[in-house]
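1. for reference, the sequence and a predicted model appear below.
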Amino acid sequence: MRSISGINIPRTLEEVCHPQRVALLVYDMQVGILSQIKNSDGITQQVLKVLTAARDAGVRVFFSRHLSLPKELMGMFQYRMAMAWQHVDSPEKVNPWFLREGPGFQIVPELQPRPSEGVFDKLTMSAFEGTWLDFALRDCGINGFIVVGVATEIGIEPTARHGADLGYIPVLVLVTDACGAGDEEAAKRSIESLKFAGDALISETETICRVLRKQSGTRGA
């Protein structure tokens with residue numbers, strides 16, 4: 001780890017992924033979203049591997065859920081987004097997909113959150129916008145986060161960029177691995193753009209799981 005003026009600057013996965021200083025964000029692994037993703041079962045299994053390794057290492061875990069408001073509470077942005085996603089040309093044709101009590105809103109059962117893990121809802125693409133995630137991470141002394149889930153080009157890229165702007169180190173598990181995509185070409189562009197910016201670390205499932213397993217013995221350090 002490099003240091004200057006008493007400030008440590010982590011640069012490797014091993015340095016970033018200390019169990020007391022990193023969190024796992026499971027992004028929008030909801031029934032209704034995964035039904036739109038190719039190879040959703042494979043993505044779910046890869047996410048489960050990372051989630052299991054994080055839990056075993058004592059890493060704090062947070063789950064995001066994308067929420068739809070009833071049409072009576074929807075505004076311009078929400079209608080525009082819903083019309084684009086649902087490929088309709090009129091707001092009257094919009095159908096809120098992720099209402100709180102709907103089956104599509106729920107996290108897939110394979111990844112059921114534990115009582116000790118955080119679950120928050122959002123209307124935006126960045127998991128930090130309008131949520132308590134930033135406060136919770138800072139309050140726990142966390143300075144990096146591992147993100148897995150769906151979809152890379154829709155919500156994970158904005159979350160990584162927003163997190164970097166807030167001073168965190170994002171760790172992305174590769175799009176072909178534990179970050180799913182609605183559009184594979186768009187997801188590849190997202191990953192390349194994040195690599196170019198240099199804010200995020202990029203990993204694969206087996207690599208991040210191996211790092212977390214090695215870090216299991218450093219919980220109290």
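-> Looks like it came in fine. Here the structure is a predicted model, which is why all the values come from computation and not from measurement. Numbering: from 1, shown residues only.

2. residues contacting the longest helix seen in the chain, please?
-> Looking across the chain with DSSP state H, the single longest helix is helix 40-57. By C-beta atoms under 8 Å, 6 or more residues apart in numbering, the residues outside helix 40-57 that reach it are 19, 24, 26, 29, 34, 37, 61, 108, 110-111, 114, 146, 148-150, 173, 177-180, 205, 208-209, 212-213, 215-216, 219. The C-beta positions use only the backbone N, C-alpha and C, and glycine is treated the same way.

3. how about low-confidence regions in the chain?
-> For the chain, the stretches flagged by pLDDT under 70 are 174-178, 217-221.

4. can you pull out the helices in it?
-> 13-16, 31-34, 40-57, 76-86, 133-139, 157-165, 184-197, 205-215.

5. for the ones you listed, which one sits closest to Ala127?
-> helix 157-165 (4.5 Å; C-beta to C-beta).

6. run the angle between the closest one and helix 184-197 for me.
-> Taking axes from the mean of the first three to the mean of the last three C-alpha atoms, to 10 degrees, one finds helix 157-165 and helix 184-197 inclined to each other by 10 degrees.

7. show me what helix 157-165 is packed up against.
-> In this structure, helix 157-165 packs against strand 144-150, strand 169-173, helix 184-197, with contacts taken as 3 or more C-beta pairs under 8 Å, 6 or more residues apart in numbering; DSSP states H and E.

8. the contacts of helix 40-57, buried ones only, as a PyMOL selection?
-> Filtering the contacts of helix 40-57 down to the buried ones (16 or more other C-beta atoms under 10 Å) takes a single PyMOL command:
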select buried, resi 19+24+26+29+34+37+61+108+111+146+148+149+150+173+177+178+179+180+205+208+209+212+215
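
9. how far away is the residue at the greatest distance from the centre of the chain from Ser35?
-> In the chain, Ser5 marks the outermost C-alpha relative to the chain mean, sitting 32.4 Å out by C-alpha atoms, centre = their mean. From Ser5 across to Ser35, the span is 50 Å (C-beta to C-beta, to the nearest Å).
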